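Colleague: Test case, fold it:
(chains A, B and C)
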Amino acid sequence: MRALKILTAAVCILVCQMISTDAKAWWMWSPGDTVDNSTQSMIGTGYHPEQPIDFPHNIHAGKLKMDCQYCHSAARRSQSAGVPPLNTCMGCHKIVATDKDTIKYITEKYRRNEPVEWTKVHDLPDFVRFSHKPHVLAGFTCQECHGPMQENVTAAQHAPLQMGWCIGCHKDNLDKGAKISCNTCHY
Amino acid sequence: MSDTVQWDKTISDVNEGILKGVEGRPHPTYYIALAFALTLLITGVVSWGLIATFGIGLSGKSSPVYWGTFITDFVFWVGIGHAGTLISAILFLFRAKWRNSINRSAEAMTVFAVITAGLFPLIHMGRVWNGFWTLPLPNTNNMWVNFRSPLLWDVFAISTYLTVSLLFWYMGLVPDIASLRDRVKGFKRFVYGILSLGWTGNIRQWHHYETGYGFLAALSTPLVLSVHSIVSWDFAMALQPGWHTTIFPPYFVAGAILSGCAMVYNLVVPVRKMFRLEGFIKEEHLEACLKLTLLTSTIVAYAYAIEFFIAWYSGSYYEWAIFRGRATGPYSFYFWTMTFCNCVFPLLLWSRKIRYNTPVAMVICFLINIGMWFERYNIVISSLAEDFLPGSWGHYEPSIIDMCMTFGSFGWFFTWFLIFTKFFPFVSMSELKLIMPKPLRRKPTH
Amino acid sequence: MERLEFDELDKLSEQKEVFAPDAAFEAPVKNIGKGHLFMAVEEVMPEIGATDLEVRGEIAESKGKGYPIARRDVMRLFSASAILGATACVKRPAEKIVPYVNQPVDFVPGNPVYYATTCNECPAACGVVVKTREGRPTKLEGGPEHPVSQGALCAIGQASIQGLYHPERHKSPLIQTNGLTKEFSWEAAFDRIGAIVKGTKKVGIITKGSTGSQRKFYAEFLTKIGSKSENVFTWDANGLYSSISEAHRLAFGVEGLPRLELARASTIVGIGSDILDVGTSVVYHSKGLSQALSIKGIEKGELVQFEAVMSLTGGRADKRHVIPVGSELATTLLLVRSLHEQSTAKGSKGAKAVIASVLDANKAALDQAYDVVGVKKEVFEALARKMLEKPSVLVAGGTASFDENATSLQVAGIFANILLGAYGSILNFDKGWSASPVKAGDMKRFMEASADLDVVFVIGTDPSFTLPASYGFSEALTKVKTVVSIQNFPAEVDRLAEFILPADHYLETWGDEEPVSGFLSIRQPAVRTTVNSRQPEEMLMWIAASAGSPMGYADYRTYLSAQWKSYYEMAGAKVDYETFVKAVLRRGFIGKLDTRTVGDLKDVKISLALPESGLKLVSPFDHRLRDGSFAHIPILQEVGDGMTTIAWDSWVAINPNTCRKLGLKRNDVIRVEGPGGFFEGAIFPLPGLHPDAIVAPRGNGHTDKRSTISNGVGFNPLAAFAKAEDKVTGQPVTSGQTVKVSLVGKTYRLAAMQKHHDIGNRSDIVRTTSLAALAKESGDKDLDTVPDLYPDVLHRGDYRWGMSVDLSKCTGCGACMTACSLENNVAQIGREQILMGREMHWIRLDRYFNGEVDSPGVTFQPMMCQQCNHAPCEAVCPVLATTHDDEGINAMTYNRCVGTRYCGNACPYKVRRFNWWTYKWNTMGEKERDRNIRALNPDVTVRTRGVMEKCNFCVGRLRDAKLSAKERSKEFGREFRVQDSDVKTACQQTCPSDAITFGDLKNPGSGISKLRRDPRAYLVLGGFPEEKEYGLKTLPNVSYLMKVGADHESVAGSEGTHAPEHG
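Modeller: Take a look at the predicted model:
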């Protein structure tokens, strides 16, 4: 009897998964599998989500020739590049272009002490331990992975971010200290 | 041997007698058997569903006993799959006539057994949805498989074996299907027509057929030895005491043939009853099969003995401890069951009377199959449970799910086998005709 | 200004005579000197002083719902929902990035921030460095510079992070009126309590033992509201504090605990001592003992233990004498007698006279004591001679500090130590002694005073669980009109309370401790309150305020900084006070040792009564759960008791021979009937116990639904005890009462992680040697050249990581297991999974008995992945999920694993762990397998169902270290390599006995290289290279150091203690 219950439960779970998962592949019906939760195999190059405001990289990095690390200052110091806090924006935009709607928006946010919630674009699976620091230290430019941001408005996924792509580049840069052992990224 | 067979039928009865079963209704016991097999099959499917949904934790395994009944079943079924090719290929090359009456069933058994075996590595995987990673497929991750791993060798060994034995079996079927096609009407005729690949039975076709058949036999002969040797390397290549021995390949092959022959006997006897084939599968043939069983059982007994001797003689403490443990430790029950079933009971077959006493022989063969399953269980579990560091020792008892999977695998096997017996000639008519008397000759009387 | 501040701080740190232990300080793990802790304190901790007015306004006005935390919660939520989304197996939602609004200037997202604070789990007050990520504590480590912890931390300290995030903490103030529990706002609660307090002046406070300003503050509170200031009653179930302190008051007229510098001792005699289990300061004493017993040239210290139970201390002892329960006092006096007879005995004439008089008074008893104790006179004499040759000390306590003679025992100990001349060198009572965290007899005082108390605050302690019911505490409390229970986690006493006020966890609070007089150890918040809780002291302030007599402090911090003024003068810093405090906060401690003159031994009397025979019940502290205040922490339940390896259970340990005599088998449930009541529990036959001892550990058996973790686990042995008090102090005691045992007829499987208890004649697993043999040894060992057919092992990388474990240092305390699990997100799986043998510990403690059952030798062998260079597991994985990297590490790639588990079979050490289910984080929810997302280490992948996992030498830490080395190289333009001090694995970092060493084998100067060449070094299952027998030839990078027995006894044991699970 109990076995029967469990069975029905199992079937229901499986069915729900088939429905709820956008299972492009049947092996994504793996219950409770965060090791497999990569959406990368599904969403690849060109993934370009909506953002709360269209931050014009092309103006800041392109026209004004600002250094990427002026805002993404954590890139050379930690694993995450770091999206700038609002006070970085307000550093200039207390004065600059205060008439624009977007600036009004962030000013309001800043006044109300509310953070802006950006949508993550370059989203690696949870089992990949990528760190910006060594790549910046090794002297790679942001564009090599993130594409010509100085020409785009908001970010879109430039590189495929597949393991083959990582390995390829690592193999080319062994002399720079790049490693190809598994536990460089997976641990 | 089969020259002295007391035939009471002639080749002219063959088609009629054998195809009756296929066209007419078999003995009611057939349906009972089929129903039983299907129930088992369902249990198996259900338990696999549960494992896939909730996790491999449903099986009773633990650390250090990472392998349990699933691998036991795997090895067991690969073993069963053995006798088929042996009987059909090697005995064919040796021109052992008695094989002709049972080779079809043996080959069928082989194919289905190997299919069954092939399932278990998947069932056993922690993340079966990634099972395809064990195949050398090009991928975007620049990842490749590890050709040093015996498990990978298994993948190749099993698939090769399955392919070859499937071909061998099907090729043998073609002429019979053709004669079946010629007897039936309508849709059946259409299906059998396709399956018989336009066989007309003219001399050219027979010529090619014979050549091809001989060729396939030659091809599959080494496989008989290779497959189970490779399976045995799954164990022999690991460092575990009780696994890490060179005797494993021959020992496994012998064991496999033993269980295979026993299984053939267990299958043929009832089916022979269901389809009323007593006239075509004679006691003499079955008896020959039992002789083979007896032979291999003695080989296995020798292997057991040698294994023990070497364990002691090697002077390796860990090795000897494992074997002592097998005989006296927590798993001694399995060990002694195995010894009695595989080495002691088969000795009864020395007596001709018992060889011709079908019920008793059935029991013995049944016991042998149990014994062989326990042998694998014994090898897998007892070496893992108490190996090197006493601090890491554990204990294993099969969980309900484990047992359901095991029975399920039998269900799966028998379902296929019974379906086959219903729709295809269970005895190779074309080959049977080679050894049966011509109708013109008077029946020998004495 | 900044610069000047640094100079000041450096000056402070130079004042090293804050009772610097003899060993040089280990270099810091995470160098506190560099990094965030040296930034101006506001920037590091916006919570305290703040950068700009706006923020300060924020903080002051909103505690708990202040926005910096709110933001972080948002971040957490999103990451959480991401993981949950995945586990629920819907497509992962697009992750959000939520940056700060005002990011602290020197905060780098993705980089940890470290706070120095002080552990509050026991009065030992170890210094702790809290690693926080985005404002969320993720790992605790012993303060590397802190003299008490010296970088190490015990299992309990490590685990307190799970206490912080425990989902079952009270969420808001509760008021219970006739059975109904209602949530209230803080204001309402304060108003009501304030009104009551205003009405009556009869207020009392029961509080846990503390050496800081806490007690002073409570007294001040009481006086403020017009109650008697002595109505502060301290209670700690560990009787050691009160008995030692009281004994010293009797002996010398001044209170306090002498600071025990074991490192200076050469022979240490423990009388039932539990310095490695619980003691008064377990980390400090473990460090000291491990130095004392370590091999110096051809010499090594010796620990001789007399005990009835089988404690970790006893297991560590070189020589162990089993004595009857309750005969500790007799044993001590016998030793005192032998010492006194020696001509070389030290100590003044007066003192000797006093001792002589005591010995004479008890002459008759002492003469027959030898037979009762079961140790010959010669043994004592030999021991006495040995002790007088070299600096030696006698340490008494353990279960003996729970019985009626506790104080007398300590007095006898004082006698012995006077005769040994231990005072002044090993025992520091005049310079840098410790004040007792509890006052002896406080509980007795409360029982008397309780009649005329109207309001009682119970703060951070739970006597209604830690005292036997027969003592009548709960009854006394029920008589009190209003009981206010202030706990950071639900406690038994809540049942009796009208008001339940959730207190902050110590990682959220301000505070201070004075573990050694004159030495201040500071407690500061590492995180904003995670639930709606408050600091107990501030609650009292509010109550005082609403009672109409405010205490006049803005908050507890201002009170504290007023207290710390004296240290400011002492330090003579030239900066202003605020800056000074900030500087101190960065280090977490400050101080100079107080000194005082202690008179000679006063005239004290001891009356010795010999224990009568018969089964005696002893209930020592479980070394993980202590008195039960940590039973709700899953990792501590899971680590398992050191001696029995039992997890998630209580057990009744009985000597196997006694079991045989009484016809009891393992797992039989017996009913233990004592004078006070009875309890039922399953038997674990434990070698080494006295035949008459029935040993049932405390800690489990919480009755009410306190926590899903502790609920229904084990039993509380205190149920069997009748009310008993210390003859001298009147402190309630619980030990050595006579009991009857009877079979219940049920059996109950104890979840012991180790099924087999002796080494089974295997000789190359635990190897032993002797000093004599070592003396002969010469030259360096080379473990890596092994003749085989494989190509040579090439380590192309810049490093080759190796580890060494010293078997003669490991005490089996389990701190490494805890640290490892917390660092690497190892799941806790609960009892029924452990019964199946599925424990997940990456590092396990194999415990082997050897010798005869009555007094066995014990060896603990920490067993983690050996990182073999010829790894059997690597060859067999079909999908290359486990591979060898170029630095010698055997890498495990979880996301590639398909779960064939072949590697687990191939591993001869069986150190690989398989995820049979998707074990969720810590067992903290409905099911034992539900995890708590916040308590995870964000730098380590969370494994899910169907993948193999194992120790990876904390490769994440290695990577961080290598990156910072690279960074430095870039900065200074020359090559920097990772040094020993730059990286430590979690287990090594926290080991209180320094048994584990880790480092770079390519650097010949590194500690690990030295130890791998050490004559004691060997490889497990590596055969006997000296006899050209190389075992399995797996060539591990983990080497072990042979256990050094006092004599030639070998640890490879007989089948005598063979007690397998399966029969």
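Colleague: if I look at the residue in the stretch 501-650 of chain C positioned nearest to chain B, how far off is B:V300?
Modeller: With CB to the nearest CB, the shortest gap between the stretch 501-650 of chain C and chain B falls at C:T645, namely 8.9 Å. Using the backbone N, CA and C atoms, a C-beta is placed for each residue, glycine as well. C:T645 sits at a distance of 40 Å from B:V300 (criterion: CB to CB, to the nearest Å).
Colleague: Show me the strands in the stretch 151-300 of chain C, by range?
Modeller: With DSSP state E, counting those that start in this stretch, the ranges of strands along the stretch 151-300 of chain C come out as C:174-177, C:180-183, C:203-208, C:232-235, C:259-260, C:267-271, C:295-296, C:299-300.
Colleague: Please export the alpha-carbon coordinates of the helix or strand just after the last one; PDB is fine.
Modeller: Okay, so that is strand C:299-300. For strand C:299-300, the following helix or strand on the C-terminal side (DSSP states H and E) is strand C:302-307. In PDB, the C-alpha atoms belonging to strand C:302-307 read as follows (Å, rounded to 0.1, in the frame of the first residue of the first chain):
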ATOM      1  CA  GLU C 302      54.600  11.800  30.100                       C
ATOM      2  CA  LEU C 303      50.900  11.900  31.000                       C
ATOM      3  CA  VAL C 304      49.900   9.400  33.700                       C
ATOM      4  CA  GLN C 305      46.100   9.200  34.200                       C
ATOM      5  CA  PHE C 306      44.100   7.700  37.000                       C
ATOM      6  CA  GLU C 307      40.500   7.400  36.100                       C
END
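Colleague: Can you check what angle separates strand C:302-307 from strand C:267-271?
Modeller: Angle of strand C:302-307 versus strand C:267-271, following axes from the mean of the first three to the mean of the last three CA atoms, to 10 degrees, is 10 degrees.
Colleague: and strand C:302-307, what does it pack onto?
Modeller: strand C:267-271, helix C:282-293, helix C:312-316, strand C:319-322 (3 or more CB pairs under 8 Å, 6 or more residues apart in numbering or on different chains; DSSP states H and E).
Colleague: which stretch among the ones you listed comes nearest C:A906?
Modeller: helix C:312-316 (32.3 Å; CB to CB).
Colleague: contacting residues for the nearest residue to C:D454 once chain neighbours are set aside?
Modeller: Excluding its sequence neighbours, the residue lying closest to C:D454 (CB to CB, 6 or more residues apart in numbering or on different chains) is C:T200, at 3.9 Å. If a contact means CB atoms under 8 Å, 6 or more residues apart in numbering or on different chains, then C:T200 has C:454-455, C:481 as its contacts.
Colleague: where in chain B is pLDDT low?
Modeller: Residue ranges of chain B with pLDDT under 70: B:1-5, B:439-446.
Colleague: Enumerate every residue touching the residue of the stretch 501-650 of chain C closest to chain B.
Modeller: C:T645 sits in contact with C:752-754, C:845, C:847, where contact means CB under 8 Å, 6+ apart.
Colleague: just so I have it, where are all the helices in the stretch 701-850 of chain C?
Modeller: For the stretch 701-850 of chain C, applying DSSP state H, counting those that start in this stretch gives helices covering C:771-776, C:815-823, C:831-835.
Colleague: all helices for chain A, in order.
Modeller: Assigned by DSSP state H, the helices in chain A fall at A:2-20, A:57, A:68-71, A:86-93, A:101-111, A:132-137, A:143-146, A:163-172.
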